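1. Test case, fold it:
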Amino acid sequence: MGTISLNHVSKTFSDDKIGDVLAVDDVSLEIPDKEIVCVVGPSGCGKSTILNLIAGFESPSSGEITVSDRPVHGAGPDRMVVFQRPALFGWLTVYENIVLGPKKQGVANTIYEKNAERFIRAVGLTEFASHYPYQLSGGMQQRVQIARALVNQPEILLMDEPFGALDFQTRIQMQELLLRVWSEFHPTILFITHDVDEAIFLGDHVYVMSRRPGRLKEQIKVPFTGLRNTDILVTPEFTELKAQILQSIKEEMFET
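-> Here you go, the predicted structure:
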């Protein structure tokens, strides 16, 4: 079970020059097991702060965060993060990058070798297992990062704009890959993005955040089910939902 619960969570950062800054304020949300939830909002609204709080990289100033009914106190292998930049170890091969986590945790090699093979195959990198990061495209490096996260068999996959630096075609390919991987392994996914199309294409629900201090402004149920393909991008339902979300974000960007 991989559920996420935020109960009246706020986060204040201290700055020597400008004093205390309230980044997110009174955020409550429930993410069910095996769902993909996407969070969008204007720049600086606290999307990544929420992800970092769930990951355990930061502690809330008030409120409570639980994962599968366990309070979050620091990072843990039950929650793995996929960042915008792959941050792979250049001196390690694809395979060595992927198995580094379980090796450090003392997982038996008979287990992590089998899992690594499974996830390398799932992200389409079987032929590249012996390659080094510099020999891979940006999209392939992100596939390595996804496999590296999944090999730890986390309950939660936290994704912080992982496809933001990719070109349009590669980005679409990575979105479709993520949905295929999710359909096979079903981790619970919290996905942060600036791209409304991406949020609708991937998400079971889309949360819209207000401008800073970030609050949850709107929760939207995405009407598409099953393993999606790019055909939905040109449907009237997709267009209408995109217009609704863009308008909600626009209101936050230009409000005075």
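
2. partners of the helix or strand containing Ser14, with directions?
-> Assessed by DSSP states H and E, Ser14 sits inside strand 4-15. Here strand 4-15 has these sheet partners by DSSP bridges: strand 19-31 (antiparallel), strand 62-67 (antiparallel).

3. buried ones in it?
-> Neighbour counts using 16 or more other Cβ atoms under 10 Å place 4-6, 9-11 of strand 4-15 among the buried residues. To be clear about C-beta, it is placed using only N, CA and C from the backbone, and glycine gets the same treatment.

4. which residues does Ile36 form a beta bridge with?
-> Assessed by DSSP bridges, Ile36 has beta-bridge partners Ile189.

5. Quick one: the helices in the chain, in order.
-> 47-55, 94-104, 109-122, 138-150, 168-185, 196-202, 236-254 (DSSP state H).

6. Ile156 is nearest to which of those?
-> Closest to Ile156 of the helices of the chain, according to Cβ to Cβ: helix 47-55, at 7.3 Å.

7. Centre-most residue in the protein?
-> In the chain, the centroid-proximal residue (Cα atoms, centre = their mean) is Met159; its distance is 1.7 Å.

8. Determine which two of the buried residues of strand 4-15 are furthest apart.
-> For these, the farthest-apart pair by Cβ to Cβ is Ile4 and Ser10; their separation is 16.9 Å.

9. on that earlier part again, between the strands paired with strand 4-15, which gets nearest to His194?
-> Closest of the strands paired with strand 4-15 to His194 is strand 19-31, at 16.9 Å (criterion: Cβ to Cβ).

10. buried ones in the closest one?
-> Neighbour counts over strand 19-31 (16+ other Cβ under 10 Å) mark 23-27, 29, 31 as buried.

11. Repeat that for stretch 147-167.
-> 147-163, 166.

12. residues touching Phe224, list them.
-> Phe224 makes contacts with 200, 232, 237-238, as judged by Cβ atoms under 8 Å, 6 or more residues apart in numbering.

13. one more time with 6 Å
-> Ile232 (Cβ atoms under 6 Å, 6 or more residues apart in numbering).

14. I appreciate the help and will end here.
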